[in-house]
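Trainee: Mind folding the following:
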Amino acid sequence: ILYEVADAVATIRLNRPEKLNALTVPMLRSLREAVDEAAADPHVVGVVITGAGRGFCAGLDASVLAETSAQGSGARTREPEGELPGLVSYLLRVPKPVIAAVNGPAAGGGFVLAALSDVRFASTQASFTTVFSKRGLIAEHGTSWILPRLLGAGRALELLWSSRRVSAEEALRIGLVEFVTTPEELVARAQEFVRDLAANVSPGSLRETKRLVYDHLGLG
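Mentor: Predicted coordinates for the structure are as follows:
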């Protein structure tokens, strides 16, 4: 994980480019620590998460999946009391905007990371796939909660069932991402989005609006 703060923006870069930034247990821990550091830093207004190299995140590393399979469900660790279940569901409770700058393939856990960010920028080289169904898995880590709310139930089911690849252009059309940029402009555009909020919006308003939006997604 690479972490830097400049002009009210904390930028977190997944940094295993040779593995398309596939997530290991230490990476997941470092990601959480970086997000928590940004949340606690009064100089940070928002967080941008992106990937090094040509991939955003290919999901859990094969070694992690193999270890999980070998241990079986009985070895599954439970979330601490009050913690939302799922790989990165804690992002929903970060009291600051979390922006995904998706620079390449986002698959499995990488798809989850993008989906549970607050706003998504995608490069024209980005792509999205849920993967789970092709591995015989269910819609994991909050995707069954967030995708129907972003896309509607029918589109969410289609993507979760098929695990097909979605281009950046289609992702924009169906509402999976909010912005599409050139690869060269991607991170700068995402950072500028946060800087614009920092210049024009009360941090308290950002915090409470985010809390209200996610709280109300769970209400009738």
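
Trainee: Toward the C-terminus from the lowest-mean-pLDDT helix or strand in the chain, list the very next helix or strand.
Mentor: For the chain, using mean pLDDT, DSSP states H and E, the weakest element among its helices and strands is helix 62-71, scoring a mean of 63. Downstream of helix 62-71, the next assigned helix or strand under DSSP states H and E is strand 98-102.

Trainee: what does that next one rub up against?
Mentor: Contacts with strand 98-102, where a contact means Cβ atoms under 8 Å, 6 or more residues apart in numbering, come from 35, 46-51, 56, 91, 113-114, 117-123, 126, 128, 168, 177, 186-187, 189-190, 193-194. C-betas here are computed from N, CA, C, even on glycine.

Trainee: Among these, which ones are in strands?
Mentor: Within the contacts of strand 98-102, residues falling in strands by DSSP state E are Gly46, Val47, Val48, Ile49, Thr50, Gly51, Val119, Arg120, Phe121, Ala122, Ser123, Phe128.

Trainee: The second one contacts Pro97, doesn't it?
Mentor: Yes. Judged on Cβ atoms under 8 Å, Val47 makes contact with Pro97 at a distance of 7.1 Å.

Trainee: list residues touching both of the two?
Mentor: Contacts common to Val47 and Pro97, judged by Cβ under 8 Å, 6+ apart, are Val194.

Trainee: Show me which of these two is the more surrounded one.
Mentor: A side-by-side neighbour count of Val47 and Pro97, using other Cβ atoms under 10 Å, places Val47 first with 28 against 22.

Trainee: Kindly provide the distance from the more buried one to Ala6.
Mentor: Taking Cβ to Cβ, to the nearest Å as the measure, Val47 falls 12 Å from Ala6.

Trainee: hang on, isn't Ser123 packed against Val187?
Mentor: No. The pair Ser123 and Val187 does not pass the contact test of Cβ under 8 Å, sitting 9.1 Å apart.

Trainee: shared neighbours of these two, which are they?
Mentor: Common neighbours of Ser123 and Val187, using Cβ under 8 Å, 6+ apart, are Ala101, Asn103.

Trainee: and those two? which has more neighbours close in?
Mentor: Ser123 (24 against 20).

Trainee: so where is this structure shaky, pLDDT-wise?
Mentor: Counting by pLDDT under 70, the ranges of the chain that qualify are 64-82.

Trainee: center of it - which residue?
Mentor: For the chain, the residue nearest the mean C-alpha position is Leu113 (2.3 Å; Cα atoms, centre = their mean).

Trainee: my read: that one touches Tyr90, true?
Mentor: No. In this structure, Leu113 is not within contact of Tyr90 by Cβ under 8 Å, at 11.4 Å.

Trainee: now Arg207, nearest residue through space, not along the chain?
Mentor: Distance criterion Cβ to Cβ, 6 or more residues apart in numbering; nearest residue to Arg207, sequence neighbours excluded, is Pro95 at 4.3 Å.

Trainee: no wait, Arg13
Mentor: In space, Arg13 is closest to Leu2, 4.1 Å off (Cβ to Cβ, 6+ apart).

Trainee: out of everything not next to it in sequence, what's closest to Asn21?
Mentor: Distances taken as Cβ to Cβ, 6+ apart put Leu14 closest to Asn21, at 3.8 Å, once the chain neighbours are dropped.

Trainee: can you tell me which residues contact that neighbour?
Mentor: Ile1, Asn21, Leu23, Met27, Leu31, Ile49, Thr50, Gly51, Ala52, Phe56, Cys57.
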